[in-house]
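Student: Okay, predicted coordinates and the sequence, questions at the end:
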Amino acid sequence: MRSPYEELGLAFGDAMVPYLYGTDCTPALAAAVLERLGDVDAILLVLDDGVRGHADAVAAELARRVRVEPVAVEAAERHKTLPTVHHLLETAVARGLTRRSAVVAMGGGTVGNLAGLAAALLFRGTRLVHLPTTPVAAFDATVSLKQGVNLSAGKNLAGTYFVPALIACDLAWLSTMPRHDLLTGLAEMVKNVLVAAPGLEPKLVRALEEPRLALRALLEIGVEAKAPYVAADPRERGGALIFEYGHTAGHAVEFVSGGAIRHGEAVAWGMLVAAEVARRHHGLAADDVAAHHRLVARLDLPGAATRLDGLGRDAIRAALAADNKRGYGPCAPGEVLMVLLDSVGRTVPGPAGGPPLVPVPIEAVMDAFETVAMNALEAV
C-alpha cells in the first residue's frame, strides 16, 4: 500500500532529521510521531492557540497510545520571551513529564521556537517534534536548528541550537490559512530564490499564482535551496548565513511594530531595503533590484505600507544596533552586519574571506528604509 505521506531526510552536519509531509494525512503522521518516538511516556503538546482545530485532531490520535498534555500559547511577538519558555518548563514538570517524555510543537515559527528552546532546556534536553502549520515554519524555520526568543532590545537574542527528532507536516493545515497570510508567509521562499536558487524563480512564480494548490512545490523550493547549506553549516555561522538576507532590516521592522507587521511581511520589506543598500553602495544592477520588486509584489504587501511608514525611526535604529549578527565579523559602532547581493544568486563577500556579512552604516540602512517606505506609500 502506498504511504499517505512522503519522507525526506534533512542533514544538519552529522545529524539526520526525517521530514514527513503529505496532504490530508494527519492520522498517519500522528502514528508516525509515536512510532519514531518509541518508548515515550507523555507528550507536552505546545500549540498555537489559533490552530486548535488541527491540534485537537492530532491530540486525539496521539492520546490513543500516550498521555498528552496540551498547553496553548498565543503566537505573538510579545510572548516570544523567556518568561513564556519558563511557563512551558514549569507546566511540563507540574504535569509529570520525565526524561522519557517529548515536546511536540504545533503552530508557526514562534511556537516552534518557544517549544524548541523549552525542549532543549527541559532535563538538559528532551526529544522535540515539529508539526508546522504555517509556510514560514514548514518551509523555512524547521529547516534550521535555531531556537530563539526575544529580549527587550531585539529579536532572537537568546536561544540555542537543538536537533529535533522529527518534523511532520500535513499540508492541509497550511491550506486553511487566509490567502493574504499564506502569501506573505512565503517571503522566505522569495528570499531563497534571490540568494541561493535563482533558477527556481519560474517554479516559485507558478506556485504563487495559487499557493494552496502548490504547497508541495513550495516545500520543495524551501528545502532544495536551504538544505545543502545547513548540511554543511548546521549552526548557520558560515555559508548558511546567506539565509539572513532581508532579516536585518526585517527583524527591526517586525520587532518595532510589536509583531503587527508579521515575520514574512517584515522580511519582504527587509529584502527591498537590502537591495536598495546594495544598489547604492555595492553596484547591484537595476535589473536585479527590479527582480526583488517583481517577486515581492506577488506577496500582497501594500496593506502594510502605512504601518511601515508609521514606525518610530529611533526605535528602528536601536533595533538595528542590537541585531544578533553582531560579532560574526568586523563591525564598528554605528554599523550593522548585513547580507547583501552583488547580483541575484551571489552575495557580496564578507571581509577577509569571513562569513557573507558586510558592515553597513546604520544611517545608510535608514536612508534605504526611507526610500522603500516612500515607494510603498506611493504604491497604495
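Tutor: Looks like it came in fine.

Student: Report the central residue of this structure.
Tutor: With distances taken as CA atoms, centre = their mean, Ala141 lies nearest the centre of the chain, 3.5 Å away.

Student: how about the nearest residue to that one, chain neighbours excluded?
Tutor: With CB to CB, 6 or more residues apart in numbering as the criterion, Ala141 has its nearest non-adjacent residue at 3.9 Å, and that residue is Gly109. C-beta: built from backbone N, CA, C; applies to glycine.

Student: Show me where the stretch 201-350 of the chain dips below the pLDDT cut-off.
Tutor: Applying pLDDT under 70 to the stretch 201-350 of the chain picks out residues 302-306.

Student: Can you show me the helices along it?
Tutor: With DSSP state H, counting those that start in this stretch as the criterion, the stretch 201-350 of the chain has helices at 201-209, 215-232, 247-256, 263-281, 286-296, 305-309, 313-321.

Student: Relative to Thr371, which of those helices is closest?
Tutor: With respect to Thr371, and counting by CB to CB, the nearest of the helices of the stretch 201-350 of the chain is helix 263-281 at 5.4 Å.

Student: How many residues are close by Leu151?
Tutor: Leu151 sits with 14 neighbouring residues when counted by other CB atoms under 10 Å.

Student: Could you do Arg317 as well?
Tutor: By the criterion of other CB under 10 Å, Arg317 has 19 neighbours.

Student: residues in contact with Gly250?
Tutor: With contacts defined as CB atoms under 8 Å, 6 or more residues apart in numbering, the neighbours of Gly250 are 263, 266-271, 273.

Student: okay, among these, which ones form the most distant pair?
Tutor: Across those, no pair lies farther apart than His263 and Val273, at 15.2 Å, counting by CB to CB.

Student: how much space between the residue nearest to the centre of the chain and Gly148?
Tutor: Taking CB to CB, to the nearest Å as the measure, Ala141 falls 10 Å from Gly148.

Student: State whether Val103 and Arg127 are indeed in contact, as I suppose.
Tutor: Yes - counting by CB atoms under 8 Å, Val103 sits close enough to Arg127 to count as a contact (7.1 Å).

Student: Please identify which of those two sits among more neighbours.
Tutor: The neighbour count for Val103 versus Arg127, taken as other CB under 10 Å, is higher for Val103 (28 against 21).

Student: Quick check: bridge partners of that one?
Tutor: Residues found in beta-bridge contact with Val103 (criterion: DSSP bridges) are Leu44, Leu128.

Student: Tell me who's in contact with it.
Tutor: Counting by CB under 8 Å, 6+ apart, the residues that Val103 touches are 43-44, 46, 92, 115-116, 118-119, 122, 126-129.
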